[in-house]
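Q: task: produce atomic coordinates for the following.
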Amino acid sequence: FQMTGIRFMDELTMPKPRRSTLLPGQLRPRARHEEAIPLAEFAVAMAVDMPRLDLYAAVARDLNAYIQECKKIYREAEEEALKVTPSLFREFASVDETEQAMLIHQLKLIKANNIGTAKSQWYDWKLQWVEQLYESATQGFANLESDATYLAGIIKEAQDVLPALREEYAEVTRLLEQEQADIDEIENSDKDFLNELKATIAEQSTEIEAFRADVSEAKAKLERFDEKLADIEAQKAELTAAISQSKHVIHIQKESTSAEVFRLKDELEALQELHLWRPIKQTADLVEFVYGSKYQVSLPCRRYKPLLAQATVTRTKQSKLKERDAFPQVTELIVRTAQSLIAECNEKLEIKQVLERLGDFWSSCAQLRSQLTFLSIKYPLTVEALLDEKDQPFLRATATVMFPSLKSKALISFLLDKETYSRWPLSVRGLKADVRVAYGIIKREAVLNAVLGRLEQVTPADSHGCLLDACIEATEQFEQ
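A: Below you'll find the predicted structure:
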């Protein structure tokens, strides 16, 4: 500078503070008595001023670091120049005044170019900064428009509800004033008269309690009389039924006709349809019955006393040709078990007792068959009649269950021994289950626990569809 009079970096920091764009009045805190700051100013500050201040603070930190670095480089350059004089300075000192003037002119041009370049970079950065702020302000404006739309809907709803609320408030206020007036009137009234009224009310309450006790006693007597009346009515109904039946028998004995015979025949057929038993042949040596048009029972007899060891149970020809059997092994096992129930019986049974025992057994089998039918509708089902270690027959119903979420397949088996399928659903607690994993990552114990957990909840009165429910419970456990 002493040689040329030119400084490229007069001062890295500004010689005096930049003039603020804020007025002094804006820097003073607001007085408490002044009006509250409007919500719009908060929105503008959050959408525009806060991003600008954040960016300004970041730039100020970067510039301070840059200025400190430049000062450090400048000090190092000065120290190096003091130690070793640069060749440009020696050349400037050795030339004449004309060349020195040319060099000074070139230095001024370089200085002007550097200053212009710095200004251009500053304006580019400032333009980028303004664009970023504009994007932030645009986003803030869009958010404000969305909030305004939402608030407009809320305000509209409030305006719709406000008239009703005002009316309700007015009504409540009116009732409050009326009750307050009543209270004031009561407080200002005669105390002796009020005490007298209270005493009268207490006496009346005592009398009312006594009346209530009398009413309760009268109700108890009435209930006892009603029970006696019900017993008398029941006895009357029984006697009336006995008299009607006796009259009917007398009428038949006196005035029996062919029409009465046909009517009795129709009643007999209705009873046969109800109990599913239909007699085919009945002699002193042989009795034959058909149950539900499916099973035929032949009982050899000796003077109408059945010989159980010679009894036979077969399927009727009509049942073989009329309908397709979905579970043929179950049917064969039912026929064998029914015959063994009679032949292996150690008791002396009458024909009626034999029919009752077989009817109960086939009723249980029919309910079990419905369980298997429900299960086969949803899952592929295989039913097998097998023998255990003691050569006792049992049923194994195996359902193929898929678990799509785990890409697995399991075979769920239900095991029913003779005692279980013969007394279903009373023997539902004797039902056993087993699980075999065909493929996939599913755990056998988890599926088996789900099946057994559902079966433990089954009762004889609530056993409808229990096999299907157990499989569904196992699948739903892994879908959660």
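
Q: and the gap between T420 and A142?
A: Remark: distance between T420 and A142 (Cβ to Cβ, to the nearest Å) = 72 Å. To be clear about C-beta, it is placed using only N, CA and C from the backbone, and glycine gets the same treatment.

Q: between the two, which is the more surrounded one?
A: T420 (22 against 11; other Cβ atoms under 10 Å).

Q: which strand or helix spans the more buried one?
A: Assigning secondary structure by DSSP states H and E places T420 in helix 418-422.

Q: can you name every helix or strand that that helix contacts?
A: helix 328-343, helix 351-378, strand 393-403 (3 or more Cβ pairs under 8 Å, 6 or more residues apart in numbering; DSSP states H and E).

Q: make TSV from the ones you listed and add mean pLDDT to it.
A: Listed next are the helices and strands packed on helix 418-422 as TSV, based on pLDDT from 0 to 100:
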stretch	mean pLDDT
helix 328-343	86
helix 351-378	89
strand 393-403	92
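
Q: still on that earlier bit, kindly export the helix holding T420 (C-alpha atoms) in CSV.
A: Below are the C-alpha coordinates for helix 418-422, written out as CSV (Å, rounded to 0.1, in the frame of the first residue of the first chain):
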residue,chain,number,x,y,z
LYS,A,418,-66.7,-96.3,21.2
GLU,A,419,-67.9,-94.7,24.4
THR,A,420,-67.5,-91.2,22.9
TYR,A,421,-69.4,-91.7,19.6
SER,A,422,-72.0,-94.0,21.2
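
Q: after it, next one along is what?
A: Sequence-wise, the next helix or strand downstream of helix 418-422 (DSSP H and E) is strand 432-439.

Q: sort out which residues of that following strand are buried, please.
A: Buried residues in strand 432-439, counted by 16 or more other Cβ atoms under 10 Å: A433, V435.

Q: now do it: distance to the chain's middle.
A: Distance of strand 432-439 from its chain centroid, counting by Cα atoms, centre = their mean, to the nearest Å, is 28 Å.

Q: how far off strand 393-403 does it point, in degrees?
A: 40 degrees (axes from the mean of the first three to the mean of the last three Cα atoms, to 10 degrees).

Q: residues in contact with strand 432-439?
A: With contacts defined as Cβ atoms under 8 Å, 6 or more residues apart in numbering, strand 432-439 is touched by 400, 408-416, 443-444, 447-448, 451-452, 455, 470.

Q: of these, grab the buried ones for ChimeraX.
A: The following ChimeraX line selects those of the contacts of strand 432-439 that are buried, judged by 16+ other Cβ under 10 Å:
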select :408,409,410,411,412,413,414,415,416,447,448,451,452,455,470
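
Q: let's see which of the contacts of strand 432-439 end up in helices.
A: In this view, those that belong to helices under DSSP state H are R444, V447, L448, V451, L452, L455, A470.

Q: mind putting those in JSON lines, distance to H251 and pLDDT included?
A: Converted to JSON lines, the ones in helices among the contacts of strand 432-439 look like this (distance: Cβ to Cβ, whole Å; pLDDT from 0 to 100):
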{"residue": "R444", "distance to H251": "71", "pLDDT": "91"}
{"residue": "V447", "distance to H251": "67", "pLDDT": "91"}
{"residue": "L448", "distance to H251": "66", "pLDDT": "92"}
{"residue": "V451", "distance to H251": "61", "pLDDT": "92"}
{"residue": "L452", "distance to H251": "62", "pLDDT": "91"}
{"residue": "L455", "distance to H251": "56", "pLDDT": "89"}
{"residue": "A470", "distance to H251": "57", "pLDDT": "92"}
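
Q: now, the most widely separated pair of these?
A: Using Cβ to Cβ, these reach their maximum pairwise distance at R444 and L455, which is 16.3 Å.

Q: quick one: A43 from S136, how far?
A: Distance from A43 to S136, by Cβ to Cβ: 13 Å.

Q: these two: who's more crowded?
A: Each of A43 and S136 has its neighbours counted (other Cβ under 10 Å); S136 has more, 18 against 15.

Q: correct me if wrong: that one contacts A47.
A: Yes - if you go by Cβ atoms under 8 Å, S136 and A47 touch, sitting 6.7 Å apart.

Q: check which residues of stretch 91-103 are buried.
A: F92, Q100, L103.

Q: what of stretch 58-70?
A: Counting neighbours, the buried set in stretch 58-70 is empty (16+ other Cβ under 10 Å).
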